[in-house]
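Asker: Show me how the following folds:
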Amino acid sequence: MRSLDLLKGQTALVTGANSGIGRAIAVALGSAGANVIVNYVANPADAEAVAEEIRSGGQRAITALADVADEAQVQAMFAAAVLEFDTIDILVSNAGMERNAPFHEMSVGQWDAVINVNLRGAFLCAREAVREFLRRGVRPGISVAAGKIIFTSSVHEVIPWAGHVNYAASKGGLMLLMKSLAQEVAEKRIRVNSIAPGAIRTPINHAAWSTPEAYAELMKLVPYKRIGEIEEIGRAAVWLASDFTDYIVGTTLFIDGGMTLYPGFETGG
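Answerer: The predicted model follows:
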């Protein structure tokens, strides 16, 4: 089977897909043969550019405006996607945000904003995906699974992050959302997993890699001594969504150059 055919005949919905990691995942899924719904909450022109890139490779793609933290908007997005493509086979719950502050200065608004998008949004989107997968069941000849859910988590589902307590809490919660959901729906042939990026070159963390000094400081946290690229996350998402990984259930795939090996202890602490 050629890599371009890995997801042929399937449809994927990717949240937060108009930039960064979400964009790379959406494009990679399209390159692997999937039709793609490109979700966004701002910058519609960027979302349309992603959709057009996917279309240029021969796949269908549409954009979908929806705040993943809003139940009605999520339900409307899924309904529109099913109307357009008949069903959804793959959900990549990628939308996420940061609102950083020292803990004693963190506002309820900062806490709620991050938890609502990163955790509530993942719950709402996954719930709609599971409902669709259960309604439709396995599609013989398309995939051996009834559906695949991939959450974009973070190394901070296991690594504490001072000054980012809301973000770390959301990703720690996402880890057990993923595992508990995977346990619950596995018997229905629905596979649920997570991808946990480490230091990846994206616009949101530009300051961490844009100068030689910042890059050198960042590399103290990465045993492999290079930053990751968004295309590497996209390729991993294709692999996890494919039948090649049909026996991978309830697992977090860390893509971090070894960051979760705690490099501060590499010489004995």
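Asker: Gly163 - that's part of a strand, no?
Answerer: No - looking at Gly163 with DSSP: H, G, I helix; E, B strand; the rest coil, it is coil, so not inside a strand.
Asker: quick one: pLDDT of it?
Answerer: pLDDT, Gly163: 96.
Asker: same check, this time on Asp5
Answerer: The score at Asp5 is 87. That number is its pLDDT.
Asker: Check the secondary structure at Val92 for me.
Answerer: Strictly by three-state DSSP, Val92 counts as strand.
Asker: That one: neighbour count?
Answerer: Using other C-beta atoms under 10 Å, Val92 has 31 neighbouring residues. Placement of C-beta: from N, CA and C, glycine included.
Asker: Let me see the contact set for it.
Answerer: By C-beta atoms under 8 Å, 6 or more residues apart in numbering, the contact list for Val92 reads 12-15, 17, 22, 25-26, 29, 150-152, 237, 241.
Asker: switch the cut-off to 6 Å
Answerer: Each residue near Val92 by C-beta atoms under 6 Å, 6 or more residues apart in numbering is listed here: 14, 25, 150, 237.
Asker: Tell me what it is bridged to.
Answerer: Val14, Ile150 (DSSP bridges).
Asker: And the pLDDT at it?
Answerer: On the pLDDT scale, Val92 gets 99.
Asker: what about Ser143, neighbour count?
Answerer: 22.
Asker: tell me the contacts of it?
Answerer: With C-beta under 6 Å, 6+ apart, Ser143 has these contacts: Asp243.
Asker: quick one: which of the contacts of Val92 is nearest to Phe133?
Answerer: Nearest to Phe133, judged by C-beta to C-beta, of these is Ile150 at 13.3 Å.
Asker: quick one: the closest one and Ser242 touch, right?
Answerer: No - using C-beta atoms under 6 Å, Ile150 makes no contact with Ser242, being 11.1 Å away.
Asker: And those two? Which one has more around it.
Answerer: Per other C-beta under 10 Å, whichever of Ile150 and Ser242 has more neighbours is Ile150, with 26 against 22.
Asker: Phi and psi next, for Asn193.
Answerer: Backbone torsions for Asn193, taken as degrees, to the nearest 10, come to phi -150, psi 170.
Asker: where does it sit relative to Ser154, distance-wise?
Answerer: According to C-beta to C-beta, to the nearest Å, Asn193 and Ser154 sit 14 Å apart.
Asker: how about low-confidence regions in the protein?
Answerer: Where the chain drops to pLDDT under 70, the residues are 1-4, 268-269.
Asker: those strands in it, which residues are they?
Answerer: 11-14, 35-40, 61-65, 90-93, 147-152, 190-197, 252-255 (DSSP state E).
Asker: Need the ones you listed in JSON lines (columns: distance to Leu83).
Answerer: Output for those, formatted as JSON lines (distance: least, C-beta to C-beta, whole Å):
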{"stretch": "strand 11-14", "distance to Leu83": "12"}
{"stretch": "strand 35-40", "distance to Leu83": "11"}
{"stretch": "strand 61-65", "distance to Leu83": "10"}
{"stretch": "strand 90-93", "distance to Leu83": "17"}
{"stretch": "strand 147-152", "distance to Leu83": "18"}
{"stretch": "strand 190-197", "distance to Leu83": "22"}
{"stretch": "strand 252-255", "distance to Leu83": "32"}
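Asker: Quick one, which of those gets closest to Asp112.
Answerer: Closest approach to Asp112 among the strands of the chain (C-beta to C-beta): strand 90-93, 18.7 Å.
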